[in-house]
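# Quick one, what's the 3D model for this:
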Amino acid sequence: MHRRESGFMPNRAPPNLSAIARAFALAALVLVLSAFSVASGSSSTAAPAASDAPLAGASQSDQQAAIDEVVQSRAVLQTHFDELTRVVGLNGAADLSQRFDDDFTALTTDSRPDGYPPADWFQRVATVARLDSDFLNQALSGKPLSLESAHGLVERLMVSKVDGTYQPMAVYVPPSPGPHPALVVLLHGRPQTESQILGGSVFKGLADSTQTIIVAPYGRGNYDYAAPAAEEVYQARDLAVDAFHPDPRKVFLAGYSMGGFSVFIVGPMHASRWAGIMCISGSLVNSDVADVLWHFQNMPVYVVNGKLDDSIPASYGELTAAYLAASGIPVEFRQEPAGTHIVGTLQPSLGLAWSDMIAGIVRSVPQPLSGQLPKLSLPTTSDDVKPP
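Predicted coordinates for the structure are as follows:
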């Protein structure tokens, strides 16, 4: 079904400028990495030492071990950049290089957001670095690990049906998922990766409490999971279904921030393959209204946000839920009074909505909106400025 502009919901910001800038950045990065590899050979430079004052929540030895792993992985990438490009594509290799730069910065500077527990923050950045290194090692080995072997939080690669490249996905399998667990395919925000959205404790805690397996595909980092990312979301879903044999009545699509917008793009493409949709700190926008109303007629939708969100206005979630309810779609809406754009601040509302989704329950129904929705404008950027 072709999309149309309805005039009801906020318009989506175009990704063209960021795509053009990214293309120039990729070209420059290739030149830099190639020059570095020629100059340094195997790049055996020792890792910088952690500062005398380790990151809050980390021992100096743990911090240094994480730094060493990132430096070693970055050196391997630089040495094998051409080989990596052949198996993950130029964008994938450049993105992975940027990940290691970000990991190094996170491990050597205290960038912990206000209110983020110190121990949780170090665990998050160290876990993200480990997953990124696993991505590199599996890609260069040519023998990605199977989904069936996944336990706990791991990185896995799939061979894209689009171009044959390896595409990463983070996977979390709780300790005792049972023979037919629930499955949630989770879409990350922007700028964010699959390793970052699962690297924190929130979604793992939700999975443990409901015995749910979570699969978070990277989607090539594409804005709003633009092609071919959306179809690769479905490829990840199908691979997870084959590997874990979830209850077909409990296979869900969820997304945070940009991912919370993208569930209304990706979900309608093959709506019958989802038992429900969750939008976290996101919104339905103007260009997606027609598809959503057509394909989500009996689809439970769960909308969660924070009243104090300073990245995506809280009114967007409120209006999304009210509009869908007025259109006859079953909706549960929960808003955390002190919640911001950081996922951890959305508890307990997020946990309650998540549990209801897994159980197939819809409550906390919003008051349907009477009359037309006002015209809303999307914020100038949907980038996530805070880690989950």
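# What are the boundaries of the helices in the stretch 51-200 of the chain?
60-79, 81-108, 118-141, 194-199 (DSSP state H, counting those that start in this stretch).
# center of this protein, which residue is that?
residue 188 (1.6 Å; C-alpha atoms, centre = their mean).
# That one against residue 261, yeah?
No: in this structure, residue 188 is not within contact of residue 261 by C-beta atoms under 8 Å, at 11.8 Å. Where you see a C-beta, it was placed from the backbone N, CA and C, and this is true even at glycine.
# Would you mind grabbing the residues shared as contacts by those two?
Shared contacts of residue 188 and residue 261 (C-beta atoms under 8 Å, 6 or more residues apart in numbering): residue 255.
# what are the ranges of the strands in this structure?
152-159, 166-173, 182-187, 212-217, 251-256, 276-280, 301-306, 331-336 (DSSP state E).
# how about the ones you listed in TSV, adding mean pLDDT and distance to residue 346?
Conversion of the strands of the chain to TSV gives the following (pLDDT from 0 to 100; distance: least, C-beta to C-beta, whole Å):
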stretch	mean pLDDT	distance to residue 346
strand 152-159	98	20
strand 166-173	98	18
strand 182-187	98	14
strand 212-217	98	16
strand 251-256	98	10
strand 276-280	98	7
strand 301-306	98	6
strand 331-336	97	5
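# and residue 138, which of these is closest to it?
Evaluated over the strands of the chain, closeness to residue 138 peaks at strand 152-159, with 5.3 Å, by C-beta to C-beta.
# What pLDDT does the model give residue 188?
pLDDT, residue 188: 97.
# burial measure for the closest residue to it other than its chain neighbours, as a count.
The shortest distance from residue 188 to any non-neighbouring residue, by C-beta to C-beta, 6 or more residues apart in numbering, is to residue 197 (4.0 Å). Using other C-beta atoms under 10 Å, residue 197 is surrounded by 27 other residues.
# With the one 3 residues further on instead?
Other residues near residue 200 number 22, with proximity taken as other C-beta under 10 Å.
# can you tell me which residues contact the residue nearest to residue 188?
Contacts of residue 197 by C-beta under 8 Å, 6+ apart are 170, 186, 188, 189, 203, 216, 256, 259, 388.
# how does it look with 10 Å?
By C-beta atoms under 10 Å, 6 or more residues apart in numbering, the contact list for residue 197 reads 128, 170, 186-189, 203, 214, 216, 218, 255-257, 259, 343, 384, 387-388.
# cool, and residue 216?
Residues in contact with residue 216 (C-beta under 10 Å, 6+ apart) are 168-172, 184-188, 192-199, 203, 233, 236, 254-256, 259.
# Before I go, just wanted to say thanks for your time.
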